[in-house]
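Visitor: Sequence and predicted structure, then a few things I'm wondering about:
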Amino acid sequence: MLEKVETPSLGELMQDLGQRARAAARILATAPTDKKNAALQSMANAIRSAAPQILEGNKRDLETMQANGQTGAFLDRGTLTETRIEEIAQALEAIVALDDPVGSVIAAWDRPNGLNIQRVRTPLGVIGVIYESRPNVTADAGALCLKAGNAVILRGGSDTIHSNKAIHLALQAGLAAAGLPEDAIQMVPVTDRAAVGEMLSGLNGNLDVIVPRGGKSLVARVQSEARVPVFAHLEGLVHIFIDKAADAQRAKEIVLNSKMRRTGICGSAETLLVHEAVAGSILPEILQRLQEMGCEIRGDETVQGLLKGIVPATPEDWITEYLDKILAVKVVPDLEGAMDHIAVYSSNHTDCIVTEDKTAAETFLSEVDSAIVLHNASTQFADGGEFGMGAEIGIATGRMHARGPVGVEQLTSFKYQVRGEGQTRP
């Protein structure tokens, strides 16, 4: 008679992931930079070599998403092409070029008693990343955590499970080629939502921080239930304010790029605010061009009077992250009116002012309390790669520890190293 093999429960599976990640984290914490960089380069090479398998997995995911009636914006976020796969590989190589934060001295000073004190960067330990839709996050998150000396447990969305698994296999191949533990980057192999709950519990103390990257409901659940610290990546309710001193052509180019370059990313503009002094002169051309590009405009009464085909805005439009070809537009009396609107409706992610008035720009930059605040630049620059950080694990909109793009430095903590020569305290 064949002996019956017991299948581990989900709880046992998740606890095992946590234990293995903790063991890998101890090795990574002291792994030399050249070894981590070798793994990252091997990962990039493996991603390129596995492009056919990744595309095949992505094809299966897209077929499922289409059968489930997902929106065009959602499909765009989940779609991989040869070009996008190459961009993933290049992002890994960009992380290779970054300075290794682990062990760097943040500050140092001597005390009158002769003690030398240094504040030194250290890895966080084991990071849990819970994300939706975007397969590239699998590579970005795994690589950034590795560079910062952390182990990571990835829980991607069910919509892109096959794409994520194919990318994950390439990452593990890179780790193995460099002689680092494959458990350094693990992926939850099941789509059961209960796995998220297991991660939120902390995996019996083996998870040090959680990074949620997804919709409002996911982030809300994580913030409500997590028993470990959270780097919250909230929705990108992004605003652009066109000031009375804005250059008309510059304003047009910034708005079009901010909204239409890629509508499905968190840096895409969702609300356009315009100073009433220039609404009649600047706004019609911008709105007409947006309409020609297929963007639906939802405007207040003033905006509706400027151009045909404007959909009346409702209160819901000021609090909606469309991630689609839809833009809410409102005319405001002045700079203060724009900042008041942003203070009420912003998700504290990214907000922009377009103006040639330096005083107005500095007021906006200093008073608008968002993780990223721009002057005369597209909101689509709200991205760790564009900040020179190689890539990002998300954009944190909270105020503790990490804010804005979460790159390698933000994935570290610090400790104090104190060196003496026999001092004792009286």
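Guide: Now that the structure is in, tell me what you want to look at.
Visitor: Can you list the buried residues in the helix or strand hosting Gln66?
Guide: Taking DSSP states H and E as the definition, Gln66 sits inside helix 51-67. For helix 51-67, the neighbour count (16 or more other Cβ atoms under 10 Å) marks 51, 53-55, 57-58, 61-62, 64-65 as buried. Every C-beta, even on glycine, is put in place using the N, C-alpha and C of the backbone.
Visitor: Could you do stretch 380-390 as well?
Guide: Buried-residue list, stretch 380-390, by 16+ other Cβ under 10 Å: 380-385, 389-390.
Visitor: CSV for the residues you listed, including secondary structure and distance to Gly205?
Guide: Output for these, formatted as CSV (DSSP: H, G, I helix; E, B strand; the rest coil; distance: Cβ to Cβ, whole Å):
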residue, secondary structure, distance to Gly205
Gln380, helix, 40
Phe381, helix, 39
Ala382, coil, 34
Asp383, coil, 34
Gly384, coil, 29
Gly385, coil, 33
Met389, coil, 30
Gly390, coil, 30
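Visitor: can you put those in TSV and add distance to Asp110 and pLDDT?
Guide: Formatted as TSV, the buried residues of stretch 380-390 follow (distance: Cβ to Cβ, whole Å; pLDDT from 0 to 100):
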residue	distance to Asp110	pLDDT
Gln380	46	96
Phe381	41	95
Ala382	41	93
Asp383	41	88
Gly384	36	82
Gly385	39	80
Met389	33	78
Gly390	35	69
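Visitor: now, which of those residues sits nearest Leu207?
Guide: Of all the buried residues of stretch 380-390, Leu207 sits closest to Gly384, with 22.5 Å by Cβ to Cβ.
Visitor: right, and the helix or strand after the helix or strand containing Ser163?
Guide: In the assignment (DSSP H and E), Ser163 maps to helix 161-177. Next in sequence after helix 161-177, counting helices and strands by DSSP H and E, comes strand 185-187.
Visitor: That following strand packs against which elements?
Guide: Based on contacts counted as 3 or more Cβ pairs under 8 Å, 6 or more residues apart in numbering; DSSP states H and E, the elements that strand 185-187 packs against are helix 10-28, helix 136-147, strand 151-155, helix 161-177.
Visitor: For that strand, which strands pair with it and how are they oriented?
Guide: strand 151-155 (parallel) (DSSP bridges).
Visitor: pLDDT on the strand it pairs with, on average?
Guide: If you average the pLDDT over strand 151-155, you get 97.
Visitor: Give me the buried stretch members for stretch 82-101, please.
Guide: So stretch 82-101, judged by 16+ other Cβ under 10 Å, has buried residues 85, 88-96, 98, 100-101.
Visitor: I meant stretch 181-188, not that one.
Guide: 181, 183-188.
Visitor: Also stretch 409-423?
Guide: 410-412.
Visitor: Inside strands: which ones of those?
Guide: With strands taken from DSSP state E, the overlap with the buried residues of stretch 409-423 comprises Thr412.
Visitor: So which residues of the stretch 201-350 of the chain form strands?
Guide: 209-213, 238-242, 269-275, 296-299, 311-312, 326-332, 350-354 (DSSP state E, counting those that start in this stretch).
Visitor: Export the buried residues of stretch 409-423 as TSV, with columns for pLDDT.
Guide: Converted to TSV, the buried residues of stretch 409-423 look like this (pLDDT from 0 to 100):
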residue	pLDDT
Gln410	91
Leu411	93
Thr412	95
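Visitor: can you put the strands of the stretch 201-350 of the chain in JSON lines and add mean neighbour count?
Guide: Shown next, in JSON lines, are these (neighbours: other Cβ atoms under 10 Å):
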{"stretch": "strand 209-213", "mean neighbour count": "26"}
{"stretch": "strand 238-242", "mean neighbour count": "28"}
{"stretch": "strand 269-275", "mean neighbour count": "27"}
{"stretch": "strand 296-299", "mean neighbour count": "21"}
{"stretch": "strand 311-312", "mean neighbour count": "12"}
{"stretch": "strand 326-332", "mean neighbour count": "24"}
{"stretch": "strand 350-354", "mean neighbour count": "30"}
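Visitor: For Ile254, which of the ones you listed is the nearest?
Guide: Closest among the strands of the stretch 201-350 of the chain, using Cβ to Cβ: strand 350-354, at 5.5 Å.
Visitor: Can I get that closest one in CSV, CA atoms only?
Guide: Only the C-alpha atoms of strand 350-354 are listed here, as CSV (Å, rounded to 0.1, in the frame of the first residue of the first chain):
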residue,chain,number,x,y,z
THR,A,350,2.1,63.6,-6.8
ASP,A,351,1.0,67.2,-7.6
CYS,A,352,2.3,69.7,-10.1
ILE,A,353,2.2,73.5,-10.7
VAL,A,354,2.8,75.0,-14.2
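Visitor: So what touches it?
Guide: Outside strand 350-354, the residues within contact range by Cβ atoms under 8 Å, 6 or more residues apart in numbering are 236, 238-243, 246-247, 250-251, 254-255, 258, 266-267, 269, 338, 342, 360-361, 364-365, 368, 370-379, 382, 395.
Visitor: so what strands line up beside it?
Guide: In the sheet, strand 350-354 lines up with strand 238-242 (parallel), strand 372-375 (parallel) (DSSP bridges).
Visitor: and that strand with strand 269-275, angle?
Guide: 30 degrees (axes from the mean of the first three to the mean of the last three Cα atoms, to 10 degrees).
Visitor: pLDDT of the helix or strand following strand 350-354, averaged?
Guide: Once strand 350-354 ends, the next helix or strand along the chain (criterion: DSSP H and E) is helix 358-367. Averaged over helix 358-367, pLDDT sits at 97.
Visitor: can you give me how far helix 358-367 is from the chain middle?
Guide: Taking Cα atoms, centre = their mean, to the nearest Å, one finds the center of helix 358-367 at 26 Å from the center of the full chain.
Visitor: Not counting its own residues, what contacts it?
Guide: 241, 243, 245, 335, 338-339, 353, 355, 373, 375-376.
Visitor: can we see that at 10 Å?
Guide: With contacts defined as Cβ atoms under 10 Å, 6 or more residues apart in numbering, helix 358-367 is touched by 241, 243-246, 275, 334-336, 338-339, 342-343, 351-355, 357, 373-376.
Visitor: From these, list the buried ones, please.
Guide: When the contacts of helix 358-367 are checked against 16+ other Cβ under 10 Å, the ones flagged as buried are 241, 243-246, 275, 335, 338-339, 342, 351-355, 373-374.
Visitor: In contact with Glu276, which residues?
Guide: 244, 302, 331-334, 337.
Visitor: pLDDT score for it?
Guide: Value listed for Glu276 in the pLDDT field: 97.
Visitor: and what of Glu6?
Guide: So, for Glu6, pLDDT stands at 59.
Visitor: low-scoring pLDDT stretches of this protein, where are they?
Guide: 1-7, 234, 390 (pLDDT under 70).
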